[in-house]
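[1] Model the structure of this input:
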Amino acid sequence: MTILQIPNDLVSTVQRALMEDVGSGDITSQLIPLSRVMQGQVRSRETAVLCGSPWFNEVFRQLDANVEIIWYCQESDMLIANQVLCALRGPARVLLTGERTALNFLQLLSGTATIVQRYVNAIRGTSAQILDTRKTLPGLRSAQKYAVLGGGGRNHRQGLYDAFLIKENHILAAGSISAAVITARRLYPHLPIEVEVETLSQIEEALQVTADSLLLDNFSVAQLKEAVALVQGRAKLEASGGITLENIRAIAETGVDFISVGTLTKHVQAIDLSMRFI
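    All right, here's what the predicted structure looks like:
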């Protein structure tokens with residue numbers, strides 16, 4: 001089981017989200033007596049994978065560290081409809097002010113983890129692994145990549161700084177695949193290099209300059225099989241482009257190592273959760 005590491009920017013991410021929502025102050029919560037203490041529960045209205053509890057907790061910690069939260073399930077647990085996820089107790093004003101921001105994180109990240117798990121389950125039994133992409137919601141990349149791990153997927157590079165991905169425009173600007181890879185090796189010899197290829201001749205060129213992995217973008221199943229046979233393990237192969245739950249099994253069975261899916265973090269359907277006072 002993947003150990004989920006809390007991103008370093010969690011606190012600042014929550015700070016920005018609260019500032020966006022609360023601004024100069026929650027005027028509606030001022031209708032409630034300052035001294036009133038309430039208890040509440042968060043329930044799931046549908047089947048989902050739980051993800052995002054550290055962000056949920058941090059929202060209330062920043063508003064009032066005395067808010068008590070008791071979780072009845074853990075990150076990556078499968079939830080069922082009408083299941084109680086956690087109980088809260090604290091000043092009513094604080095619970096009301098933090099409700100939307102806390103639920104936004106929990107719904108979004110649970111939605112990401114849930115769709116990831118569906119893709120992971122679709123290729124179970126093959127040697128392929130599901131990867132995310134950089135197609136994330138602005139400002140929430142580390143949180144969404146955490147959720148990808150929570151759903152059983154793997155992270156691709158975090159950004160433009162930790163791995164090379166030499167794509168079509170890089171190749172055109174650099175002059176050739178060979179020129180781009182050789183320069184990359186010289187500049188940052190310790191970083192992995194992946195090259196996007198479109199033809200078998202480009203695969204050969206990338207292998208000759210020892211690219212670590214090849215991105216096979218929008219290859220058909222037949223073309224993927226041909227690429228796997230040609231490469232014979234000399235580089236890792238990543239299929240990408242046009243991936244759906246309907247075709248991913250056939251793609252995984254071609255023998256590619258990775259399948260990257262932008263939908264995981266780009267087209268997120270939030271999980272339906274609610275918080276009610278009891």
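
[2] Now Pro91: phi and psi?
    Note on Pro91: backbone dihedrals following degrees, to the nearest 10 are phi -60, psi 130.

[3] can you count the residues close to it?
    20 (other C-beta atoms under 10 Å). (Glycine included, C-beta is placed from N, CA and C.)

[4] Tell me the predicted confidence for it.
    Note for Pro91: predicted pLDDT of 97.

[5] Show me where the stretch 1-150 of the chain has its helices.
    10-22, 53-63, 92-122, 141-150 (DSSP state H, counting those that start in this stretch).

[6] elements contacting the last one?
    Other elements packing on helix 141-150 under the criterion 3 or more C-beta pairs under 8 Å, 6 or more residues apart in numbering; DSSP states H and E are helix 10-22, helix 92-122, helix 263-266.

[7] between the ones you listed, which one is nearest to Gly40?
    Gly40 lies closest to helix 92-122 among these, at 5.7 Å (C-beta to C-beta).

[8] Just send the helices of the stretch 1-150 of the chain back as JSON lines, with mean neighbour count and distance to Asp162 too.
    Shown next, in JSON lines, are the helices of the stretch 1-150 of the chain (neighbours: other C-beta atoms under 10 Å; distance: least, C-beta to C-beta, whole Å):
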{"stretch": "helix 10-22", "mean neighbour count": "16", "distance to Asp162": "19"}
{"stretch": "helix 53-63", "mean neighbour count": "21", "distance to Asp162": "23"}
{"stretch": "helix 92-122", "mean neighbour count": "23", "distance to Asp162": "21"}
{"stretch": "helix 141-150", "mean neighbour count": "24", "distance to Asp162": "12"}
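
[9] picking up where we left off before, Gln158 is nearest to which of the helices and strands packed on helix 141-150?
    Per C-beta to C-beta, nearest to Gln158 of those: helix 263-266, 12.4 Å.

[10] What is the subsequent helix or strand relative to the closest one?
    Using DSSP states H and E, the next helix or strand after helix 263-266 towards the C-terminus is strand 273-277.

[11] Which residues does Val84 form beta bridges with?
    On the basis of DSSP bridges, Val84 is bridged to Arg43.

[12] pretty sure it contacts Leu50?
    No: the pair Val84 / Leu50 is not scored as a contact, 11.8 Å apart, by C-beta atoms under 8 Å.

[13] so where's the protein uncertain?
    1-2 (pLDDT under 70).

[14] More neighbours: Val84 and Leu50, which one.
    Leu50 (25 against 14).

[15] The more buried one reaches Ile80, doesn't it?
    No: the pair Leu50 and Ile80 fails to qualify as a contact (C-beta under 8 Å) at a distance of 10.9 Å.

[16] coming back round to it: just send the helices of the stretch 1-150 of the chain back as TSV, with distance to Ile203 too.
    Formatted as TSV, these follow (distance: least, C-beta to C-beta, whole Å):
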stretch	distance to Ile203
helix 10-22	40
helix 53-63	42
helix 92-122	25
helix 141-150	28
